[in-house]
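In: Just need the structure, nothing else, for what follows:
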Amino acid sequence: MYRDRSLIPSEAVRLAALGALALGSKPYSELATEVRQFTARITGPSLDLVGPPIALLKVEGLIEPEGGEEQGEAAVMRITPAGRAEFERLMGAALRPPVNDLSKLALALKLRFLDLLAPEQRRIQAEAMVEMAEQELTRLQDLERREGGQGGAFSGWLAHEIDQADGRLAWFRTLLAES
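Out: Below is the predicted model of the structure:
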């Protein structure tokens, strides 16, 4: 993790793989494809980290073949109790405002797997999302106060960003209220 406790790219891939297996067992090759496709749809094809981090999960004992038999890429994998603990640790990572692809990936993964957490943990995650959105909106509003009076394309873009951040904040507050 980074110093602010947010996920590094390989941890985001680990969370994607462990969360996918927490939803249900699947063949190793299907797991790798699912993780690769999900991350690429969020970040673009910039994360070339899918193979090694997933293979490492087996070595670390976080995932294992069902029945204990190794069958290569056809092996149906499942999450272990240690893998579930690592999944919960990664779900507890801090969020950065979604200003880059990795931040968006971490947020998308948390939302994708939020229902796998206990109710109190879901509420804690929703609170963290509200806090992250508030920080993002505050940062943009500060930028508008300092630089937004220039007019033109920059002011229009900044107003658009503020509208989006405000919408995200409202959505996360609704998520929190429903938690």
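In: Quickly list the domain ranges of the chain.
Out: What automatic domain parsing lists as the domains of the chain is 1-95, 118-179.
In: out of those, nearest to Leu109?
Out: If you check each of those against Leu109 by C-beta to C-beta, domain 1-95 wins as the nearest, at 5.0 Å. For the C-beta atoms, the positions are set from N, CA and C on the backbone; glycine is no exception.
In: what about the closest one, start to end distance?
Out: Between the opening and closing residues of domain 1-95 there is a gap of 11 Å (C-alpha to C-alpha, to the nearest Å).
In: And for stretch 86-95?
Out: Terminal-residue distance, stretch 86-95 (C-alpha to C-alpha): 17 Å.
In: chain center to it, what's the gap?
Out: Relative to its chain's centre, stretch 86-95 lies at 9 Å (C-alpha atoms, centre = their mean, to the nearest Å).
In: before we move on, what about stretch 81-97?
Out: For stretch 81-97, the distance to the chain centre is 10 Å (C-alpha atoms, centre = their mean).
In: quick revisit: for the domains of the chain, which has the smallest mean pLDDT value?
Out: Among the domains of the chain, domain 1-95 has the lowest mean pLDDT, at a mean of 86.
In: Nearest residue to the middle of the protein?
Out: In the chain, the centroid-proximal residue (C-alpha atoms, centre = their mean) is Ala106; its distance is 2.2 Å.
In: And the pLDDT at it?
Out: 91.
In: let's have the chain start at 39 instead
Out: Done: numbering now begins at 39, and the last item shifts to Ala144.
In: Who are the contact partners of it?
Out: Ser44, Leu45, Ala50, Leu53, Ala131, Leu133, Arg134 (C-beta atoms under 8 Å, 6 or more residues apart in numbering).
In: 6 Å - rerun?
Out: Shown in contact with Ala144 (C-beta atoms under 6 Å, 6 or more residues apart in numbering): Leu45, Ala50.
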